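>>> Everything below, folded, please.
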Amino acid sequence: MTATTRELSAKGFAEEWDIPEYGAHYQMQFLRKREFIEIVDEVRRRGAMEIFYRATRRALIPDLDWAALNPRLKPGISNVIVEELFATVARAAEAETLDARDDSILWWQEVPLDEITFPKAMMMQRLLIEKLVELGAETAENQAEGRGGRSFPGVFALMGFEGAPEKQPYKRGPRKDDSTGRRKGRKRRS
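All right, here's what the predicted structure looks like:
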């Protein structure tokens, strides 16, 4: 989350979060191998190289990594992902590319699902993600061979989550006192 807002080094991160520097280095390597962060600068300090990282502009956390994540961290990570998505949409709208293509799709819909169909829907999204990554590799090949015309960033946002239940309209009715069954707020006539 920190790397989405600014560049950071393992040393600086360790100092900021009061953790051992070797642990921060290990985590940075772990995240870099999985392409969650990338090197943006290298600075020589006192004979050693300090490497600075920034989060890559993508948001896919594999299921096992997400499941193993501390539950207290998940809301913050989700917020950062959604904020980055909104910022990407805003940049495209400002650049007038959001709706420039006739073949673009802007769609969302709540779909009723259950404990059987929700995992199926998530699997479909995972398959689509795999295919999109393959298309990115194909684009690189096309560009290397001078085919396909200009290259541009295609943005695909897939989200699947349990939506919040709709709020029920407030209904006014008689309030009952649990112990007597009488309406509250009225005096009993003798």
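
>>> Run through the helices of the chain in chain order.
In the chain, helices defined by DSSP state H lie at 2-5, 10-17, 21-33, 63-68, 74-94, 117-144, listed in chain order.

>>> tell me, how many neighbours does Ile37 end up with?
Ile37 has 22 neighbours, counted by other CB atoms under 10 Å. The C-beta positions use only the backbone N, C-alpha and C, and glycine is treated the same way.

>>> Ile37 contacts Thr56, correct?
Yes: shown here, Ile37 and Thr56 form a contact pair, counting by CB atoms under 8 Å, at 6.4 Å.

>>> any idea which residue sits dead centre in this structure?
In the chain, the centroid-proximal residue (CA atoms, centre = their mean) is Ile81; its distance is 2.9 Å.

>>> sorry, back to before: so which of the helices of the chain gets nearest Phe161?
With CB to CB, the closest approach to Phe161 among the helices of the chain belongs to helix 74-94: 8.5 Å.

>>> so how far is the closest one from its chain's centroid?
Distance, stretch centre to chain centre, for helix 74-94: 7 Å (CA atoms, centre = their mean, to the nearest Å).

>>> Please spell out which residues along it are buried.
Within helix 74-94, the residues scored as buried using 16 or more other CB atoms under 10 Å are Val80, Ile81, Glu84, Thr88, Ala92.

>>> Please export the C-alpha coordinates of it as PDB.
The C-alpha trace of helix 74-94 is given here as PDB (Å, rounded to 0.1, in the frame of the first residue of the first chain):
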ATOM      1  CA  LYS A  74      -7.400  -6.500   3.400                       C
ATOM      2  CA  PRO A  75      -9.600  -3.400   3.600                       C
ATOM      3  CA  GLY A  76      -6.700  -1.000   3.200                       C
ATOM      4  CA  ILE A  77      -5.400  -3.000   0.200                       C
ATOM      5  CA  SER A  78      -8.900  -3.100  -1.400                       C
ATOM      6  CA  ASN A  79      -9.200   0.700  -0.900                       C
ATOM      7  CA  VAL A  80      -5.900   1.300  -2.600                       C
ATOM      8  CA  ILE A  81      -6.900  -0.900  -5.500                       C
ATOM      9  CA  VAL A  82     -10.200   0.800  -6.000                       C
ATOM     10  CA  GLU A  83      -8.700   4.300  -5.600                       C
ATOM     11  CA  GLU A  84      -6.100   3.400  -8.300                       C
ATOM     12  CA  LEU A  85      -8.900   2.200 -10.600                       C
ATOM     13  CA  PHE A  86     -10.800   5.400 -10.100                       C
ATOM     14  CA  ALA A  87      -7.700   7.500 -10.700                       C
ATOM     15  CA  THR A  88      -7.100   5.500 -13.900                       C
ATOM     16  CA  VAL A  89     -10.600   6.000 -15.100                       C
ATOM     17  CA  ALA A  90     -10.300   9.700 -14.300                       C
ATOM     18  CA  ARG A  91      -7.100  10.000 -16.300                       C
ATOM     19  CA  ALA A  92      -8.800   8.300 -19.300                       C
ATOM     20  CA  ALA A  93     -11.800  10.600 -19.000                       C
ATOM     21  CA  GLU A  94      -9.600  13.700 -18.900                       C
END
